[in-house]
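[1] Sequence first, then the predicted structure:
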Amino acid sequence: MDTQDFLVKRRFIIKLGKYLHKFGTPAYRLEAHLQAVSNFLGLEGYFLISPTAMTFVLQRDDEQEYNHVARVKPGELDLGSLARTDELVEELVSGKRTLDEALDRLDEIANKPNPYGSLLTLLAFGSSAGAFAMLMGTSWNDVFWSATLGLMVYGLVYRAERSKRMAEMLEPLAAILAAIITCGISQFDPSINIPVVILSGIIVFVPGLALTLGLAELAARDLISGTARIMDACMLLFKLYFGAIFGMVVGTAIFGEAIYFEPEPLPQIAVWSAVPILSMALVIIFKARMKDSPWGILAGIVAFCSSMLGAIYLGESIGIFFGAFAVGVYSNLFARWMKAPASIALLQGIVILVPGSKTYIGLNTLILGETMLNQSHIGTQIFLIFMSLVAGLIFANVAVSPRRTL
């Protein structure tokens, strides 16, 4: 291997690692994938990945060593780009592309615009907020106003993508505006549950998935990345909660106290229909490819139905274990059959189970001593659900190996 060949290979590995990090790949999966690619290219590689830093050490026959340290921003889920990058690596391994062609293709994938456009993403934000309110089993009034707030939240996200100043205060600002608007709505629609509508409106920001991935990284002994991801998720949760409380205080000062009237609860069929609606919205929000979308929607249905079935016999918290186990096995089988990253199906299924909303509710109970939706013993439930999720995923990987690193 000459020096120029080594330069091209290390450029590819570093660029691949940065882009996969940008697309939201968990640290333990990314490190394993980079290790496999390095071995294929005939290099000895060592990698240390965290949400905000990446370290690459690449060696060539003990003659030359190259160290690269990069400061990066936490990645955001882009399942479509993740799948395309995985296909690119497969093409490189099979000899269909050269390294120079692969480097150009990586840049094309990273710079590809949102395949769904602004209008569909707007509808996805509204649908996800409304579907979450349906999952909470509240009322049609709450579902409608939650979906409306979801549309407003996307307006802020759209602006934040084009303004650095807006991006820095996006989450607390969204919570503040959602809370003030909800307090105003309650004056002419007193049947809405204010805390639930606020939570549903900002549900896309609630870091339940990030907390679960952080715990999964800790379980995989990736201690630095797991701890950093959990602390980042906790800070985001605090910002959201502060914004919601501050907005409710301001809204009450402007509009006054609302008199709450108990509405008609949702029928059970509405709660079940919320799962495919939420899963379809997540396909767009996570930018999954259209050909992968049926598998992602099915993953959400498998996760929800399995957890509900387990809850009948063992209780809600432990029932999540069966949901996580089922969606983990399903995603590993998907990876085998479709020769695609297991994360495509896994993340769209597991997000249905993550207790992000319960963590928010638990924070509300801890600080204000108030309960939402008659959720008692919420702290114990959150702990058990997180542990059940991680255990279910571990057992799923033992039962059916994905045979792929991503």
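    Happy to help now that I have it.

[2] from here on, contacts and neighbour counts on C-alpha atoms
    Will do.

[3] Where does pLDDT dip in the stretch 151-300 of the chain?
    Residue ranges of the stretch 151-300 of the chain with pLDDT under 70: none are present.

[4] Please, where are all the helices along it?
    Assigned by DSSP state H, counting those that start in this stretch, the helices in the stretch 151-300 of the chain fall at 164-168, 170-188, 194-201, 208-219, 223-255, 268-285, 293-314.

[5] Let me know which of the ones you listed is tucked in deepest.
    With neighbours taken as mean count of other Cα atoms under 10 Å, those reach their highest mean count in helix 194-201, at a mean of 26.

[6] ok, and what's touching it?
    Residues from elsewhere that reach helix 194-201 (Cα atoms under 8 Å, 6 or more residues apart in numbering): 129-130, 132-133, 142-143, 145-150, 153, 175, 178-179, 182-183, 186, 244, 357, 372.

[7] Quick check: the closest residue to A178 other than its chain neighbours vs F322, distance?
    Once flanking residues are discounted, A178 sits nearest to I198: 5.8 Å by Cα to Cα, 6 or more residues apart in numbering. Counting by Cα to Cα, to the nearest Å, the gap from I198 to F322 is 30 Å.

[8] What of R10?
    42 Å.

[9] the more surrounded of those two?
    F322 (27 against 22; other Cα atoms under 10 Å).

[10] mind listing what the more buried one touches?
    306-307, 310, 392.

[11] Find the centremost residue of the protein, please.
    Centroid check for the chain by Cα atoms, centre = their mean gives L209 as the closest residue, at 4.5 Å.

[12] ok, the residue nearest to F242 when sequence neighbours are not counted - contacts?
    Counting by Cα to Cα, 6+ apart, P172 is the residue found nearest to F242 once chain neighbours are left out, at 7.1 Å. If a contact means Cα under 8 Å, 6+ apart, then P172 has 239-244 as its contacts.

[13] repeat that with 10 Å
    Going by Cα atoms under 10 Å, 6 or more residues apart in numbering, P172 touches 178, 202, 205, 236-244, 246-247.

[14] and if you look at F242?
    By Cα under 10 Å, 6+ apart, the contact set of F242 is 172-173, 175-176, 236, 248.

[15] which one of those is nearest D100?
    L236 (39.7 Å; Cα to Cα).

[16] Hmm, L151 and A174 touching each other?
    No: using Cα atoms under 10 Å, A174 is not in contact with L151, being 11.2 Å away.

[17] anything in contact with each of those two?
    Joint contacts of A174 and L151 (Cα under 10 Å, 6+ apart) are 157, 201.

[18] give me the element F47 is part of.
    strand 44-49 (DSSP states H and E).

[19] just V57 next, same as before
    Going by DSSP H and E, V57 is part of strand 53-60.

[20] per-residue confidence averaged over that strand?
    Average pLDDT, strand 53-60: 90.

[21] Ok, stretch 71-82 next?
    Averaging pLDDT along stretch 71-82 yields 91.

[22] Please compute how far that stretch lies from its chain's middle.
    A distance of 11 Å separates the centroid of the chain from that of stretch 71-82, by Cα atoms, centre = their mean, to the nearest Å.
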